[in-house]
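*Asks:* only geometry, no sequence info:
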Ligand code: 4NP
């Protein structure tokens with residue numbers, strides 16, 4: 001794998017976590033893989049990740065506080081080798097935009113499940129569950145796509 005971009009809806013909760021986990025793996029293993037993330041929507045462009053995502057990442061030794069949200073571009077869909085959607089709705093949107101080599105993150109060890117959107121959850125607990133799923137899937141993805 002040369003490059004991978006993770007895509008959710010807002011690029012402030014889920015895909016920045018996947019980017020952070022992947023960048024940590026790349027750093028730890030001294031790999032040469034370009035890693036990024038984006039959202040299908042434009043509402044949060046320029047914002048840093050949501051407070052609970054920053055917090056759960058920090059808890060797990062990953063600093064995502066300086067990431068800034070962007071909206072996926074056609075150029076990125078051409079440039080990145082793999083495009084990884086966080087849920088089915090992201091997948092469908094990306095398919096419509098012409099993404100190739102498109103996968104759902106949950107297909108790496110979670111039976112194709114959606115990574116649920118924690119943005120509308122009440123508490124912090126949802127973020128722990130979402131983090132756990134993202135970390136497991138991203139780790140498996142690196143094994144399967146090598
Ligand atoms: P994300 O979560 O897709 O995991 O970044 C969302 C954050 C904000 C909104 C949607 C999803 N929103 O519509 O504001």
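*Replies:* Everything's here; your move. Model, not experiment: these values are computed from the prediction.
*Asks:* what does stretch 15-33 rub up against?
*Replies:* With Cβ atoms under 8 Å, 6 or more residues apart in numbering as the test, stretch 15-33 has contacts from 1-4, 6-8, 35-39, 49, 53, 56-57, 61-64, 67, 69, 84, 86, 105, 130-131, 134-135, 137-139, 142. (Each C-beta comes from the backbone N, C-alpha and C, glycine too.)
*Asks:* Now narrow the residues you listed to whatever sits close to the ligand.
*Replies:* 8, 39 (Cβ under 6 Å from any ligand atom).
*Asks:* Any of the contacts of stretch 15-33 buried? List them.
*Replies:* Buried members of these, counted by 16 or more other Cβ atoms under 10 Å: 1, 4, 6-8, 35-39, 49, 53, 56-57, 62, 64, 67, 69, 84, 86, 105, 130-131, 134-135, 137-138, 142.
*Asks:* just checking, which of the residues you listed belong to helices?
*Replies:* 53, 56, 57, 130, 131, 134, 135, 137, 138, 142 (DSSP state H).
*Asks:* who's in contact with the fourth one?
*Replies:* Under the criterion of Cβ under 8 Å, 6+ apart, the contact partners of residue 130 comprise 13, 14, 17, 56, 115, 116, 118.
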